[in-house]
Each structure stands twice: as structure tokens, then as C-alpha cells.
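Q: Let me see the structure of the following:
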Amino acid sequence: MLFIAVYSVFSLKGAKNQLAVYQESTTVQFVGKASHAAHQIAQQNQLYTSIMLAQAILESTNGQSKLSQEPYFNFFGIKGSYNGKSVVLQTTEDDGNGNLYKIDAKFRAYGTMKNGFSDYANVLSDPLYKDVHKYQSRTYEEATSVLTGRYATDTTYDSKLNQLIASYHLYYFDYPF
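A: Just a heads-up that it's a prediction; the model follows:
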């Protein structure tokens with residue numbers, strides 16, 4: 001039933017080239033794999049599933065990044081360690097003025113997709129992110145604006161998330177199944 005819901009929500013939009021078609025199909029496949037865990041955890045924590053999925057798409061390049069692969073399952077670029085497990089990888093940061101630079105950073109390693117998504121919700125339970133929750137933000141757009149400059153250093157983070165949510169109709173996942 002979930003496959004039917006995902007398939008009906010997403011459709012190829014007549015992309016102009018094969019790369020765009022591949023990118024879109026990869027995104028749709030990733031959403032199909034991640035949507036159940038994301039929806040369950042988002043509902044339990046009063047978060048927007050659409051934002052959780054958009055962040056996972058953006059931060060993990062549709063679940064294709066090294067950090068999001070087994071054994072790390074870090075789809076959100078969360079730094080630090082998780083139960084003592086971490087991996088050091090190079091990442092690109094934004095200095096707040098749109099200037100990009102690279103650093104080596106320690107990222108959390110989870111072992112399972114569910115652990116990765118659950119810890120993401122735990123990170124957002126910090127008071128710094130209280131306005132991201134459904135009981136504080138009336139729309140996903142309000143919630144994504146809170147993430148810019150707090151969750152990510154990218155000064156256009158909210159625009160990128162909103163574009164993904166709109167393009168892939170991720171807002172449908174914000175409602176109970």
C-alpha cells in the first residue's frame with residue numbers, strides 16, 4: 001500500500017535529459033525506502049515528515065552519499081558521535097556569507113536507518129529547534145526558515161528544502177496515513 005501511495009504522489013515530469021530522469025527516479029526510490037521510517041518518527045515527535053525527507057534527500061544526495069550508506073546510515077549530516085560511533089569525512093561548510101570551504105568533520109554513525117532517523121528527531125528536540133515542530137510552526141515553510149543558520153550553515157537551506165518539498169509533493173507525508 002505504501003508503494004501505491006508513493007507512486008501516486010510522485011511522477012516523472014518529462015525531464016529534458018537522462019541525468020534529470022535518473023536524478024528524479026533516484027529521489028523517488030529513496031523516498032520510497034525512507035518514507036515509512038520518516039513518517040513514523042516525525043508523527044511521534046510532532047515534526048514535519050516533508051522536512052525530514054527533504055533534509056535526508058539534500059544532505060545524503062538521495063541516500064547515495066558515503067555517510068548515508070551502511071554502516072553509517074547518517075542521512076542528515078549530523079556531526080559528533082552516536083553511542084560512541086563516528087566517522088571522519090570531508091564536508092563543505094558555508095561561512096554565513098555564502099563563501100564555501102572544506103573541513104574534516106566527525107559524523108555520527110548509526111548502524112540502521114531507523115536509528116539515524118530517530119537521532120535526527122532527538123537532535124531537533126533541542127530548544128534551539130523548538131520552532132521547527134508542528135505545534136510551533138503552522139506550515140513547513142515556517143519550519144524550514146528556522147533551520148537556516150541553525151541546522152545548516154547554508155544561507156539558502158530553507159529555499160532548497162522548500163523546492164524539494166514542492167517538487168516531490170513531500171507535503172502529502174505530513175498527514176496521518
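
Q: what's the next secondary structure element after the helix or strand of the chain with the lowest mean pLDDT?
A: Every helix and strand of the chain was ranked by mean pLDDT, DSSP states H and E. The lowest is helix 2-9, at a mean of 42. Of the helices and strands lying after helix 2-9 in sequence (DSSP states H and E), the nearest is helix 18-44.

Q: which other helices and strands contact the helix or strand following that next one?
A: Following the chain from helix 18-44 toward its C-terminal end, the next helix or strand by DSSP H and E is helix 49-60. Contacts defined by 3 or more CB pairs under 8 Å, 6 or more residues apart in numbering; DSSP states H and E place helix 49-60 against helix 18-44, helix 113-123, helix 140-147, helix 157-167. For glycine as for every other residue, the C-beta is placed from the backbone atoms N, C-alpha and C.

Q: out of those helices, which comes closest to Val132?
A: Each of these has some distance to Val132 by CB to CB; the shortest is helix 140-147, at 4.7 Å.

Q: can you pull the buried residues of that closest one?
A: With burial defined by 16 or more other CB atoms under 10 Å, the residues of helix 140-147 counted as buried are 140-141, 143-147.

Q: shaky segments in this structure?
A: By pLDDT under 70, the weakly predicted segments of the chain are 1-23.

Q: how does it look with 50?
A: Where the chain drops to pLDDT under 50, the residues are 1-16, 18-19.

Q: if we can go back for a sec, how about the helices and strands packed on helix 49-60 in TSV, adding distance to Val132?
A: Rendered in TSV, the data for the helices and strands packed on helix 49-60 read as follows (distance: least, CB to CB, whole Å):
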stretch	distance to Val132
helix 18-44	11
helix 113-123	10
helix 140-147	5
helix 157-167	11
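
Q: Out of the ones you listed, flag the one nearest Phe173.
A: When these are ranked by proximity to Phe173, the top entry is helix 18-44, at 5.5 Å, counting by CB to CB.

Q: so what does the closest one touch, helix or strand wise?
A: In this structure, helix 18-44 makes packing contacts with helix 2-9, helix 49-60, helix 113-123, judged by 3+ CB pairs under 8 Å, 6+ apart.

Q: winner for burial among the ones you listed?
A: The highest mean neighbour count among the helices and strands packed on helix 18-44 belongs to helix 49-60 (a mean of 25), with neighbours defined as mean count of other CB atoms under 10 Å.

Q: what's next to the next helix or strand after it, contact-wise?
A: Using DSSP H and E, the helix or strand that follows helix 49-60 towards the C-terminus is strand 86-94. With contact meaning CB atoms under 8 Å, 6 or more residues apart in numbering, strand 86-94 is reached by 66-67, 72, 74, 77, 80, 100-109, 152-155.
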